[in-house]
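[1] turn this into a model:
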Amino acid sequence: MKVSFLKEAFKKVKGNKFFSFFFFLLVSCSLWLSLTLNRVYETNISVRVYISDIPDAIKLVDGNVIELTARVKGSGTALFGYIFDDRVGVTVDYSDFVRRGGDLSMPVGVIRGQVEGALATSLSLLDFSSDSLNATVQRAAIKVPVVKSGWQIKAASGCKLVSVDCLPDSVVVTAFVDRLPLIDAVEVEPLLCDGLVRDSVYSLKVLPGMYTNVVPNKVNVFVKVSEYVEMTLPVAVAYEGFPNGVLKNLLPERLSVKFKVPEVYSSCVNSSNFSVVLLYENYLKFFSGSGGSAALRNEFKVECNSPYVENVILLPPESSDFSFEFNFAKR
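    Prediction:
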């Protein structure tokens, strides 16, 4: 810039009151700013801490960044750069944190050297806003079944344990994301009861586990018990292999079966659930006199296809030239 141009500009300012005022204001502000920036100040700046090498199974609530405030001291000129970008970035390793449950912590002194190295040389680090760096592991929820093993439930003599139902049979658990894959079920309080004679309901608490919360925290166990009743039904006898007209008219067309069944299932059982069969070759053993009427009790084959029937007995015919009575095991 030419000196003559500056002289000419100064002459114009000198003759103009507005420009004179503006010129001296600018000079005053420059002197004030220069004096101000050369003073020593204390101020807060933000420190961004990046966490590296986080295991794949772990997710943190705030990601891999922790925001921290640091108190620094220095001249205004050195601090001026932090007016527009006051963040200092440092990196720490996940393994340096101590974990308690889902909380991670690390003494703030671990990063002090890094922060000091990231500051301008004329600045000094005074303190941090916290004594430790803290992070939290994310949580997630999943539905898992209720374990029913370990329950000992027995009905009284003369009664049948019909069913044991747990409602709900699954619950929603909340756990830290890295532990959630390890939870495949929950356990509830033990259930020990004997000699039940009627339907019963029990409320059981869900036991603690690796989860942090469970909904619901109780389940209801519905135990259904039914008393045995004794029933008798007539069943048509099938004679297999008999020649036409060979003594079949001397044998009963029907025989009765007596059995026990839980009352709740009594309406589900009828004569069609049973079969009574006598083979001709087995009948000949009796007819030849090899064993008398006592031998015949071993020749009738009785079967039942009902899952509810127990202790079946084949009754002798109401009128016959021979009599027999025997028990058999359901097949």
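[2] what residues sit buried inside stretch 44-63?
    Buried residues in stretch 44-63, counted by 16 or more other Cβ atoms under 10 Å: 45, 47, 49, 51, 54, 58-60. All C-beta spots, glycine's among them, are computed from the backbone N, C-alpha and C.
[3] that one: end-to-end distance?
    End-to-end distance of stretch 44-63 (Cα to Cα, to the nearest Å): 24 Å.
[4] what do you get for stretch 111-124?
    Start and end residues of stretch 111-124 are separated by 15 Å (Cα to Cα).
[5] not counting its own residues, what contacts it?
    The set of residues external to stretch 111-124 that reach it, using Cβ atoms under 8 Å, 6 or more residues apart in numbering, is 47, 49, 70, 72-75, 78-79, 81, 88-92, 125, 128, 133.
[6] what subset of those residues is buried?
    Burial of the contacts of stretch 111-124 was assessed by neighbour count (16+ other Cβ under 10 Å); the buried members are 47, 49, 70, 72, 74, 78-79, 88, 90, 92, 125, 128, 133.
[7] in strands, which of these fall?
    Using DSSP state E, the subset of those located in strands is 47, 49, 70, 72, 74, 88, 90, 92, 125, 128, 133.
[8] host element of the closest residue in space to K301 that isn't next to it in sequence?
    In space, and not counting its chain neighbours, K301 is closest to V277: 4.8 Å by Cβ to Cβ, 6 or more residues apart in numbering. Taking DSSP states H and E as the criterion, V277 maps to strand 274-279.
[9] output that strand as PDB, nothing but the C-alphas.
    Extracted C-alpha coordinates of strand 274-279, given in PDB (Å, rounded to 0.1, in the frame of the first residue of the first chain):
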ATOM      1  CA  PHE A 274     -62.300-101.800  24.900                       C
ATOM      2  CA  SER A 275     -61.900-105.000  23.000                       C
ATOM      3  CA  VAL A 276     -62.300-108.600  24.200                       C
ATOM      4  CA  VAL A 277     -61.000-111.400  22.000                       C
ATOM      5  CA  LEU A 278     -60.900-115.200  22.300                       C
ATOM      6  CA  LEU A 279     -58.900-117.200  19.700                       C
END
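[10] what lines up beside it in the sheet?
    strand 218-240 (parallel), strand 301-304 (antiparallel) (DSSP bridges).
[11] give me the mean pLDDT for stretch 190-206.
    With pLDDT averaged residue by residue, stretch 190-206 scores 94.
[12] from here on, call the first residue 142.
    In the new numbering, first residue 142, that becomes stretch 331-347.
[13] mind checking the end-to-end distance for it?
    Taking Cα to Cα, the first and last residues of stretch 331-347 lie 10 Å apart.
[14] which residues sit against that stretch?
    Outside of stretch 331-347, the residues within contact range by Cβ under 8 Å, 6+ apart are 287, 291-297, 300, 302, 312, 327-330, 355, 357-366, 368.
[15] contacting residues for R280?
    Residues near R280 by Cβ under 8 Å, 6+ apart: 243, 315-318, 353.
[16] just the ones of these in helices?
    For the contacts of R280, not one is inside helices, with DSSP state H as the criterion.
[17] which ChimeraX command selects the buried ones in those residues?
    To isolate in ChimeraX the members of those that are buried, counting by 16+ other Cβ under 10 Å, one can use:
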select :243,316,317
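[18] the residue nearest to K442 reaches A379, doesn't it?
    Yes - at 4.8 Å, V418 counts as touching A379 under the criterion of Cβ atoms under 8 Å.
[19] just to revisit the earlier point, redo the buried ones among the contacts of stretch 252-265 as JSON lines? Include distance to G258.
    Listed next are these as JSON lines, based on distance: Cβ to Cβ, whole Å:
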{"residue": "V188", "distance to G258": "12"}
{"residue": "V190", "distance to G258": "14"}
{"residue": "A211", "distance to G258": "13"}
{"residue": "V213", "distance to G258": "13"}
{"residue": "G215", "distance to G258": "15"}
{"residue": "A219", "distance to G258": "15"}
{"residue": "L220", "distance to G258": "17"}
{"residue": "V229", "distance to G258": "10"}
{"residue": "V231", "distance to G258": "9"}
{"residue": "V233", "distance to G258": "14"}
{"residue": "L266", "distance to G258": "10"}
{"residue": "F269", "distance to G258": "15"}
{"residue": "L274", "distance to G258": "17"}
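[20] lowest-confidence entry in those?
    Of all those, A219 carries the smallest pLDDT score, 64.
[21] so who does the most centrally placed residue in the chain touch?
    Residue closest to the average C-alpha location in the chain (Cα atoms, centre = their mean): V285, at 3.4 Å. Listed by Cβ under 8 Å, 6+ apart, the contact set of V285 reads 311-312, 314, 324-327.
[22] that's all I had, so thanks and see you.
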